[in-house]
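Student: structure of the sequence below:
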Amino acid sequence: METEGIHAAGFIGSEAETDMIGRTPLGRIGQPKDLARAAVFFASDEAAWVTGERLTASGGPRS
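Tutor: Numbers count the residues shown, from 1 in each chain. Presented below is the predicted three-dimensional model:
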């Protein structure tokens, strides 16, 4: 997830970032809006029948 913390840690632009992006089918780092969309769904009436589920919002990385 792209946050101020990973920018401050020097992750953005690093070899580790390039490696992670290369293992992610979406070809990018997650953005806060990606998680926000999931949170809005779970907080909405559309999710009224969803209980006790776990959502892994990871972009589908390959090992």
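
Student: need the distance between the two termini of stretch 9-19.
Tutor: One end of stretch 9-19 sits 16 Å from the other (C-alpha to C-alpha, to the nearest Å).

Student: what comes up buried for it?
Tutor: For stretch 9-19, the neighbour count (16 or more other C-beta atoms under 10 Å) marks Phe11 as buried. Any C-beta I mention is one placed from the backbone N, CA and C, and that applies to glycine too.

Student: hmm, who's touching it?
Tutor: For stretch 9-19, contacts defined as C-beta atoms under 8 Å, 6 or more residues apart in numbering pick out Glu2, Ile6, Ile29.

Student: which one of those residues is nearest to Ser44?
Tutor: In terms of C-beta to C-beta, no member of these lies closer to Ser44 than Glu2, at 24.8 Å.

Student: residue most distant from the centroid, the chain?
Tutor: Trp49 (23.8 Å; C-alpha atoms, centre = their mean).

Student: quick one: the strands in this protein?
Tutor: Using DSSP state E, no strands are found in the chain.

Student: hey, C-alpha coordinates of the longest helix along it in CSV?
Tutor: Secondary structure of the chain read by DSSP state H shows that its longest helix is helix 32-43. What follows is helix 32-43, C-alpha atoms only, in CSV (Å, rounded to 0.1, in the frame of the first residue of the first chain):
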residue,chain,number,x,y,z
PRO,A,32,-5.5,4.1,-0.3
LYS,A,33,-8.6,4.4,-2.6
ASP,A,34,-8.3,0.6,-3.3
LEU,A,35,-8.9,-0.2,0.3
ALA,A,36,-11.4,2.6,0.7
ARG,A,37,-13.7,1.0,-1.9
ALA,A,38,-13.7,-2.3,0.0
ALA,A,39,-14.4,-0.5,3.3
VAL,A,40,-17.3,1.4,1.7
PHE,A,41,-18.8,-1.8,0.4
PHE,A,42,-18.6,-3.5,3.8
ALA,A,43,-20.1,-0.5,5.5
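
Student: and that helix, which residues are buried?
Tutor: Buried positions in helix 32-43, judged by neighbour count with 16+ other C-beta under 10 Å: Asp34.
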